[in-house]
Each structure stands twice: as structure tokens, then as C-alpha cells.
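Asker: here's a sequence, model it:
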Amino acid sequence: MIKTKETQSVSVDLTGPEGNAFVLIGYARRWSKQLGLNPDEIEKEMMSGDYENLVSVLEKHFGSVVTFYR
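Answerer: Modelled structure (predicted):
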């Protein structure tokens, strides 16, 4: 018998406190480090526009592992 590690699903509700831009930037820094990405480049890209840009950058980089709810 082979045991497999269960995949934990990550979701973020953008309409609640987790949707705050500063919280999202913190999440992006943590996730990028965990995934071996450059957190400084991602943060710079997130901060180069408005809130919608920030969310689209999150979805671009982390949409395959995180579900964002509006």
C-alpha cells in the first residue's frame, strides 16, 4: 500500500479581510518563497498598478495553486 500526502487546498476571499492589498502582498511573498520564485519581482509587479492589477498578478503567478473568491 502506498500512502500519498493529501493536497491542501488554499483559498482567499477577496471580499473579506484577506482581500486587503497589504495582506495579499504578504501572501505573495510567502508563496513565492515556497515556490522558489523571486518575491521582490512579484511584489514590484503587484505594486505597479491599482488593486485589480494586484489581483491579476496574484492570479497569474499563484492561480494554479490558490483559489481567489470575489
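Asker: show the contacting residues for V65.
Answerer: When contacts are counted by Cβ atoms under 8 Å, 6 or more residues apart in numbering, V65 touches V10, W31, L35. The way it works is simple: take the backbone N, C-alpha and C, and place the C-beta from them, glycine included.
Asker: quick check: closest non-adjacent residue to the second one.
Answerer: Leaving aside its sequence neighbours, W31 sits nearest to F62 (Cβ to Cβ, 6 or more residues apart in numbering; 5.4 Å).
Asker: give the contact list for that neighbour.
Answerer: A28, W31, L35 are the contacts of F62 under Cβ under 8 Å, 6+ apart.
Asker: same deal with D13?
Answerer: Here D13 is in contact with G19, Y69 (criterion: Cβ under 8 Å, 6+ apart).
Asker: what pairs with it across the strands?
Answerer: Y69 (DSSP bridges).
Asker: any idea how far F22 is from it?
Answerer: Taking Cβ to Cβ, to the nearest Å as the measure, D13 falls 16 Å from F22.
Asker: ditto for N53
Answerer: 15 Å.
Asker: more neighbours, these two?
Answerer: Of the pair N53 and F22, N53 is the one with more neighbours under other Cβ atoms under 10 Å, namely 13 against 7.
Asker: hmm, which of the contacts of F62 are the buried ones?
Answerer: A28, W31 (16 or more other Cβ atoms under 10 Å).
Asker: which of the contacts of F62 fall within helices?
Answerer: A28, W31 (DSSP state H).
Asker: only the buried residues of the host helix or strand of E52, if you could.
Answerer: Element membership of E52, judged by DSSP states H and E, is helix 51-62. The neighbour-count check on helix 51-62 (16+ other Cβ under 10 Å) flags L54, V55, V57, L58, H61, F62 as buried.
Asker: for the third one, give me its contacts.
Answerer: Read it as V57. Here V57 is in contact with A28, I42, E45, M46 (Cβ under 8 Å, 6+ apart).
Asker: please tell me how far the spatially closest residue to the third one that is not a sequence neighbour sits from M46.
Answerer: Closest residue in space to E45, ignoring its immediate chain neighbours: V57 at 5.0 Å, by Cβ to Cβ, 6+ apart. Summarising the geometry, the distance separating V57 from M46, computed by Cβ to Cβ, is 5 Å.
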